[in-house]
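J.: sequence and predicted model, in that order:
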Amino acid sequence: MLNPAGSYRPPQSPDFTSYAPVISEEDQGKFNYCVTKIIDTANDGIKYAALEFGCTPKQVAQQLSDYLIEHYSLSAPQDSMISTVPKNPDNPDNWRWDLWEKKLYTHEGCFVSDKIERKISFAFEGELFGEKLQSCKDMLPVMHIATPSSAYECKGGYDIVNKFCENLEPITPLIRYCIKEGMFSNEFINNLFDMSK
């Protein structure tokens, strides 16, 4: 006999946060990149379903949200809750980016090593997506790092870092811009800054 509708629950996926201590920095960047791609796919699906069925994207997203909350035993978001998350820093001068740049870049404008370039690329890949990525893409022509069309082609943080490398320009001005706009958490900024140690 078939199970009654709605009675089947597939096995729960593992909680990836519990693996955080064993995921290397490089793997964490790849993991974050993968999640970004999943989000992009979900956004495309939401837009398609809204057009196909004549409803709003919010209605489709709500159904998806309800499924994810139930399927993965997540806590439901509280719309009325006041955020207790600390505000992101917005003063880049709290860090010595001039010294950071001197330690991580050669006089020619290249990273001092491929290892440092990979670490910074993976850090940005995991941090820049959605509105943050778009803001950085918009700044590339302003900073004379890319044309508007080549900036548009950037798919993630790795591509953003690569644009600076191609131009032999340190990424420091973009870091300062992102901090000033409150785009980076204190933890991310400190981790990035500590790469110069």
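T.: Noted; the coordinates are in hand.

J.: tell me how far I38 lies from L74.
T.: Shown here: I38 relative to L74, a distance of 15 Å by C-beta to C-beta, to the nearest Å. Using the backbone N, CA and C atoms, a C-beta is placed for each residue, glycine as well.

J.: swap in I160?
T.: 30 Å.

J.: correct me if wrong: T147 contacts P141.
T.: Yes - taking contacts as C-beta atoms under 8 Å, T147 lies within contact range of P141: 6.3 Å.

J.: give me the more crowded residue out of those two.
T.: Neighbours per residue (other C-beta atoms under 10 Å) separate T147 from P141, with P141 holding more: 15 against 11.

J.: give me the element the more buried one is part of.
T.: helix 130-142 (DSSP states H and E).

J.: what helices and strands are in contact with the helix or strand just after that helix?
T.: Using DSSP H and E, the helix or strand that follows helix 130-142 towards the C-terminus is helix 148-152. Contacts defined by 3 or more C-beta pairs under 8 Å, 6 or more residues apart in numbering; DSSP states H and E place helix 148-152 against helix 130-142.

J.: what distance separates the helix it packs on from the centre of its chain?
T.: 12 Å (C-alpha atoms, centre = their mean, to the nearest Å).

J.: pull the CA atoms of it into CSV?
T.: What follows is helix 130-142, C-alpha atoms only, in CSV (Å, rounded to 0.1, in the frame of the first residue of the first chain):
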residue,chain,number,x,y,z
GLY,A,130,23.9,39.1,-4.9
GLU,A,131,23.9,42.8,-4.2
LYS,A,132,27.4,42.8,-2.9
LEU,A,133,28.7,41.4,-6.1
GLN,A,134,26.7,43.9,-8.2
SER,A,135,28.0,46.8,-6.2
CYS,A,136,31.6,45.7,-6.8
LYS,A,137,30.9,45.1,-10.5
ASP,A,138,29.5,48.7,-10.7
MET,A,139,32.7,50.0,-9.1
LEU,A,140,35.1,48.4,-11.5
PRO,A,141,34.6,51.0,-14.3
VAL,A,142,34.7,53.8,-11.8
